[in-house]
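Peer 1: got a sequence here, can you model it:
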Amino acid sequence: MPAKMQVDLLILGGGCAGLSLAVELVRTATENPPIVTILEKRIHYENDRTWGYWSNGTDYYPSISKQLFPQLRVRVGNDRAADVCFPCQDAPYTVLASHLFYDHCLKVIRAQKETQLVLGAEILGNPIRKNQRWQVHTQAMIYEAKAIVDTRPPPTSSLPVRTGLYQSFYGFEIECEEEVFDPTAVELMSFEENTSFPIFFTYVIPFSKNRALIEATVFGPDPLQQEDLKDNLERMVQKHSKGSRFRILRKESGILPMGIPIEKAVSDPSYVRVGVNSGAARPSTGYAFQRIQKWASLCAREIHLRKRPIHHSSDPWLIRWMDAIFISVLKNHPSIAPSLFLRLFRNVAPMRLIRFLSGNGTVFDCIRIILALPAGLFLNEISRVREGLRG
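Peer 2: From the prediction side, this is the model:
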């Protein structure tokens, strides 16, 4: 019979959302901090993610090294005359390697005796509500908690298949023998021709003149695995390495929801679902890191004040409406995706577009976005999304 442990809060999953909340709880700890346990199934952390976002003046982790880029590029095919160079020095594009984030979080957590991270913890079954507490079973322990924050993604097989889109990506970080990259600019979207996917582009982060992360990315109705993207990724790595010999330093992959309905919340307010598949990711872009940090700060405050966690907050109605229409256009007219993104980055003032893509757009920003896009096409999509946004 496994032993029992009682805690105030259980965090299920020690990824970005789970660790961010734990760190924020430690950072804002009161005289009587809650007893917190994070259950994470992995047995160790690796450099498995690269987070990109625009700096908005709020640095949640000032002590962690980051790489800042003053400009971005959006490309279509091999016609470099059509490239858009997008200046962003007023809000630099910021790149954070996950292993630096993980190392920082583990150091903070280990310094707080009331907070415990349990690695290699395989959760058995679903949490059970019993005697005003939640029970979570692992092979080694039965945890009883007053509240649960569940950051785990749903199994891929349970995701809805034909609503919204998925952003699937697979990338290699490579080191070339020759200097072939421009370390001053991120290739945010380089749309490629002659692929089997309607919306396919590469995302290139040049860490130096001879080292870069190259990701093959697809927007599509189905989640894709590494094997689905492997051939196109290898072709893009050959293209961007420009014939230089290289070695693969590491690999990363993921699936981000774009307008996929989030899993219904548990009716009990002491149990919340959060994370990329539960409202953290911006529907039209997949950006989630800053949104997770903002939620972690608010959630930690609520736990300290009211002893209960909170969900991610909803975007304003106008933002949700625009995201839904944009995703509907991409889904139903995928061939025009490259021209749509080129129009956005070419015709909208940088700070307006950055605020919108980051989820901080004003009404005037939204108006400029609307005016930059083909009105007739977007008007035709309104009826498709109206029902989904009611209420």
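Peer 1: can you list the domains in the protein?
Peer 2: 3-46+98-154+263-306, 161-185+196-255, 317-389 (automatic domain parsing).
Peer 1: to Leu72, which of those lies closest?
Peer 2: Relative to Leu72, the nearest member of those by C-beta to C-beta is domain 161-185+196-255, separated by 6.2 Å. From N, CA and C alone the C-beta is placed, and that goes for glycine too.
Peer 1: check the gap between Leu344 and Ile336 for me.
Peer 2: Using C-beta to C-beta, to the nearest Å, Leu344 is found at 12 Å from Ile336.
Peer 1: enumerate every residue touching Met351.
Peer 2: 90-91 (C-beta atoms under 8 Å, 6 or more residues apart in numbering).
Peer 1: doesn't it lie inside a helix?
Peer 2: Yes. If the criterion is DSSP: H, G, I helix; E, B strand; the rest coil, then Met351 is within a helix.
Peer 1: secondary structure class for Ile43?
Peer 2: coil.
Peer 1: in this structure it contacts Leu119, no?
Peer 2: Yes. Using C-beta atoms under 8 Å, Ile43 is in contact with Leu119, at 5.3 Å.
Peer 1: what about stretch 63-78, start to end distance?
Peer 2: Distance between the two ends of stretch 63-78: 40 Å, counting by C-alpha to C-alpha, to the nearest Å.
Peer 1: now stretch 272-289
Peer 2: 19 Å.
Peer 1: how about stretch 193-213?
Peer 2: First-to-last residue span, stretch 193-213, C-alpha to C-alpha: 20 Å.
Peer 1: for Leu96, what are its contacts?
Peer 2: Leu96 touches 50-52, 61, 64, 66, 289, counting by C-beta under 8 Å, 6+ apart.
Peer 1: now with 6 Å?
Peer 2: Each residue near Leu96 by C-beta atoms under 6 Å, 6 or more residues apart in numbering is listed here: 51, 66.
Peer 1: which element is it on?
Peer 2: Taking DSSP states H and E as the criterion, Leu96 maps to strand 93-97.
Peer 1: which SS class is Thr202?
Peer 2: With three-state DSSP as the basis, Thr202 sits in strand.
Peer 1: ok, what's across the strand from it?
Peer 2: Under DSSP bridges, the beta-bridge partners of Thr202 are Ser190, Ala216.
Peer 1: one step back: so between Ile43 and Leu119, which is more surrounded?
Peer 2: More crowded of Ile43 and Leu119, by other C-beta atoms under 10 Å: Leu119, with 14 against 8.
Peer 1: my read is that the more buried one contacts Glu40, right?
Peer 2: Yes. Using C-beta atoms under 6 Å, Leu119 makes contact with Glu40 at a distance of 5.4 Å.
Peer 1: still on that earlier bit, can you point out the buried residues in the strand holding Leu96?
Peer 2: 93-97 (16 or more other C-beta atoms under 10 Å).
Peer 1: ranges for the helices of the protein?
Peer 2: 16-27, 98-110, 226-240, 289-306, 317-332, 337-347, 350-357, 363-372, 375-389 (DSSP state H).
Peer 1: nearest to Pro127, of these?
Peer 2: Of all the helices of the chain, helix 16-27 comes closest under C-beta to C-beta, at 14.8 Å.
Peer 1: and the angle from the strand holding Leu96 to helix 350-357?
Peer 2: 50 degrees (axes from the mean of the first three to the mean of the last three C-alpha atoms, to 10 degrees).
Peer 1: dihedrals phi and psi, Asn210?
Peer 2: phi -130, psi 10 (degrees, to the nearest 10).
Peer 1: what's the neighbour count on the closest residue to it other than its chain neighbours?
Peer 2: Leaving aside its sequence neighbours, Asn210 sits nearest to Cys176 (C-beta to C-beta, 6 or more residues apart in numbering; 4.5 Å). Using other C-beta under 10 Å, the number of residues around Cys176 comes to 20.
Peer 1: can you tell me how far Cys176 is from His240?
Peer 2: 9 Å.
Peer 1: kindly report the same for Val7.
Peer 2: Val7 is 48 Å from His240, by C-beta to C-beta.
Peer 1: same check on Pro206?
Peer 2: In terms of C-beta to C-beta, Pro206 sits 9 Å off from His240.
Peer 1: low-confidence stretches in this structure?
Peer 2: Along the chain, the model assigns pLDDT under 70 to residues 1, 155-163, 263-265, 383-391.
Peer 1: list the residues that contact the most centrally placed residue in it.
Peer 2: Nearest to the geometric centre of the chain sits Ala288, at 3.6 Å (C-alpha atoms, centre = their mean). Taking C-beta under 6 Å, 6+ apart, we find Ala288 in contact with 276, 280-281.
Peer 1: quick one: which of those is nearest to Arg129?
Peer 2: Checking these one by one against Arg129 (C-beta to C-beta), the nearest turns out to be Ala280, at 24.7 Å.
Peer 1: is it true that the closest one touches Ile292?
Peer 2: Yes. Using C-beta under 6 Å, Ala280 is in contact with Ile292, at 5.1 Å.
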